[in-house]
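[1] give me the fold of what follows.
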Amino acid sequence: MPNPSVEPPPAAAHPYRTLSVLMPVYNEVRTLERIVDAVLSAPIDLAIELVVVDDGSTDGSRELLAELAGRDTRIRPILHDRNCGKAEAVRTAIGEMTGDLAIVQDADLEYSPKDYPVMLQPVLDGLADAVFGSRFLAGRHRRVMYFWHTLVNNVLTLVCNMLNDINLTDMETGYKLVRADVLRGIPLTSTGFEFEPELTTKLAQWGLRLYEVPISYAGRTYAEGKKIGWIDGVAALWALVKYRFFATRFTTHDGFYILQSVRSARRFNTWMIDQCHGFLGRRVLEGGCGIGNLTELLLDRERLVCLDNDPFYVEVIRRRYGHLANVDVHDMSLASLGTSQYEHEQFDTVVCINVLEHIEEEQDVLRGFRDVLEPGGHAIVLVPAHPWLYTGVDKALGHCRRYTAATLRARMEEAGFEVVRCAGFNRFGTVGWFVSGKIFGTTTITPGQMKLFEWLMPIARLLERLPILPHLSLVAVGRKPGRARGVVDSPVAVRKAA
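    Sure, this is the predicted structure:
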């Protein structure tokens, strides 16, 4: 057993200092000491925290665990009074871990901690948020084992890939390394071996950067203690369906869940950007970018500055688009825009879609938009309409208000804009919003709802031409007085302004 040590290594270029190894144990007294020794001797530069959850063992595992923990302070033993299942043990470990990264390590000897370096590398290089160790990519070695188990693994992986539109080679791998902050934000509910399909499905729904690396695998036989059987394969198949279509809550972050649901509705997002047609220039500031649902439709701009005051959202955008030369992402309150580093940049367009309603000091924000625009530039603002439509979803999203056309126009004029357009948008959405929020009292938008809206987009566009329903949103375009040197308004913009 290595000497106890909890001192972290010298600071590296990456922000990660500690790897939490989450080890569920159930009747593994024959292999426990060897695997613990292998984990604590893993050849990595990060500090190691080993969180071991004994899940009601009766073979002496918990007594051995207590002895091992007495030798090395990096081991944190936790005891379940009764056997609750692997996933329950992992959930307990997640609640106790303190590291920056986490990996699940079974207490048998099938997976080798010598593979930790290859598992960690994509994350340390800034490429990945989660890494799966694949038994079917070309690793150093792989023990030849049961054909039918391999076939079932391949079928489950195929189903997982089809349902989540990913291309894993080994969904059922026991080696899954995930950023700890992400893992804490996933509401895991399974108890047994359904843990693997549940975690995989929810990571896919997060939209994370997911990588696979080859690992070695020394599968054990039933005589050596292998516990999984055919019934677990059936349970895993059901879990893939359940967590993809029924239990779809993949994050504890309400706003992120709704924004990720809306992200899947690309045609709807494109329709929203269409409302900017004729006013969208080449140097664009997006105020309140969220997770980038609309940002990805603006990437062809000459200059695109994306601002948000939520560090979580800013990190998501940076991971997705921060490598592009024309994109700048910054964590900033829009209320301070007029005194920021962008004060003198002079954009030709500000786009602010479904953001202004979140902000108490809305006038400071609108004045900031005016300050960073060049003369003749446009601020395009989309907000929710009609105060009587305020529902639990508005509250969950953090909306301070919904607007009338008169109020929105007045706010923009008070900020110094000439309002060249103020019109309604999305009549069809009013029906779903009213029924869902006012009648059924729901407080979120699910991926299924947005998929349904995507299918019904032809009807939504048709209803937009018929004045039979109130609009769900309002779009206002404010023009900064004056005229940019050498800039001529497009014919489309002139017609819209008229």
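
[2] tell me the domain ranges of this protein?
    Per the record, the chain has its domains at 18-251, 255-497, by automatic domain parsing.

[3] chain center to the shortest one, what's the gap?
    Here the centre of domain 18-251 is set off from its chain's centre by 20 Å, with C-alpha atoms, centre = their mean, to the nearest Å.

[4] ok, stretch 446-454 next?
    Relative to the chain's own centre, stretch 446-454 is displaced by 18 Å; criterion: C-alpha atoms, centre = their mean.

[5] quick one: contacts of that stretch?
    Outside of stretch 446-454, the residues that reach it under the criterion C-beta atoms under 8 Å, 6 or more residues apart in numbering are 205, 245, 248, 260-262, 264-268, 428-429, 432, 436, 460. All C-beta spots, glycine's among them, are computed from the backbone N, C-alpha and C.

[6] swap in stretch 460-468?
    Residues from elsewhere that reach stretch 460-468, judged by C-beta under 8 Å, 6+ apart: W271, F425, N426, R427, F428, G429, F453, L469.

[7] out of the residues you listed, list just those in helices.
    With helices identified by DSSP state H, the entries of the contacts of stretch 460-468 that belong to them are W271, R427, F428, G429, F453.

[8] show me how to select, in ChimeraX, the buried members of these.
    In ChimeraX, a selection of the buried entries from the ones in helices among the contacts of stretch 460-468 looks like this (16 or more other C-beta atoms under 10 Å):
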select :271,427,428,429,453
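
[9] could you turn the buried ones of the contacts of stretch 446-454 into a ChimeraX selection?
    Only the buried members of those end up in this ChimeraX selection, burial being decided by 16+ other C-beta under 10 Å:
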select :205,248,260,261,262,264,265,268,428,429,432,436,460
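
[10] please report how far the residue nearest to F428 when sequence neighbours are not counted lies from A405.
    In this structure, F428 finds its nearest non-sequential neighbour in A460, 3.7 Å apart by C-beta to C-beta, 6 or more residues apart in numbering. Distance of A460 to A405, computed by C-beta to C-beta, to the nearest Å: 20 Å.

[11] next one: C289
    The value you get for C289 to A405, if C-beta to C-beta is used, is 26 Å.

[12] so which of these two has more stuff around it?
    Residue environment comparison for C289 versus A405 gives the larger neighbour count to C289, 28 against 16, counting by other C-beta atoms under 10 Å.

[13] isn't the more buried one up against V329?
    Yes: contact status for C289 versus V329: in contact at 7.5 Å, counting by C-beta atoms under 8 Å.

[14] please enumerate the shared neighbours of those two.
    C306, L307, V314, I317.

[15] any idea which of those has the most stuff around it?
    Across these, the neighbour count under other C-beta under 10 Å reaches its highest value at C306, namely 26 neighbours.

[16] got any ranges where this protein has weak pLDDT?
    Low-confidence regions of the chain, defined here as pLDDT under 70, cover residues 1-12, 138-146, 148, 220-229, 484-498.

[17] quick one, strands of it?
    In order along the chain, the chain carries the following strands (DSSP state E): 18-25, 47-55, 75-80, 101-104, 130-134, 176-179, 210-214, 283-287, 303-308, 327-331, 347-353, 373-384, 418-425, 473-479.

[18] adding distance to R62, write the ones you listed out as CSV.
    Formatted as CSV, the entries for the strands of the chain read as follows, by distance: least, C-beta to C-beta, whole Å:
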stretch, distance to R62
strand 18-25, 8
strand 47-55, 4
strand 75-80, 6
strand 101-104, 19
strand 130-134, 28
strand 176-179, 25
strand 210-214, 33
strand 283-287, 54
strand 303-308, 47
strand 327-331, 46
strand 347-353, 55
strand 373-384, 55
strand 418-425, 61
strand 473-479, 58
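
[19] for F195, which of these is the nearest?
    When the strands of the chain are ranked by distance to F195, counting by C-beta to C-beta, first place goes to strand 101-104 at 8.1 Å.

[20] counting by contacts, list what the closest one packs against.
    Counting contacts by 3 or more C-beta pairs under 8 Å, 6 or more residues apart in numbering; DSSP states H and E, the secondary-structure elements packed against strand 101-104 are strand 18-25, helix 116-124, strand 176-179, helix 180-184.

[21] deepest in the core, which of these is it.
    Of the helices and strands packed on strand 101-104, the one with the most neighbours on average (mean count of other C-beta atoms under 10 Å) is strand 18-25, at a mean of 25.

[22] what's that one in contact with?
    Contacts with strand 18-25, where a contact means C-beta under 8 Å, 6+ apart, come from 8, 32, 35-36, 39, 44, 46-55, 57, 61-62, 65, 86, 89-90, 93-94, 97-107, 113, 116, 120, 180.

[23] pretty sure G368 is in contact with M332, am I right?
    No: shown here, G368 and M332 do not form a contact pair, counting by C-beta under 8 Å, at 10.0 Å.

[24] and these two? Which one has more around it.
    Set side by side, G368 and M332 show unequal neighbour counts under other C-beta under 10 Å, the larger going to G368 at 26 against 17.

[25] wait, what's in contact with the residue nearest the centre of the chain?
    The residue lying closest to the centre of the chain (C-alpha atoms, centre = their mean) is W206, at 3.6 Å. Neighbouring residues of W206 by C-beta under 8 Å, 6+ apart: D129, V182, I186, F250, T251, Q260.

[26] ok, and the closest non-adjacent residue to the first one?
    What that stands for is D129. With C-beta to C-beta, 6+ apart as the measure, L208 is the residue that lies nearest to D129, at 4.2 Å, once sequence neighbours are left out.

[27] burial measure for the one you found, as a count.
    17.

[28] give me the phi and psi for it.
    Per-residue torsions, L208: phi -80, psi 160 (degrees, to the nearest 10).

[29] now do it against P467, distance only.
    Counting by C-beta to C-beta, the gap from L208 to P467 is 44 Å.

[30] cool, and P311?
    Using C-beta to C-beta, P311 is found at 43 Å from P467.
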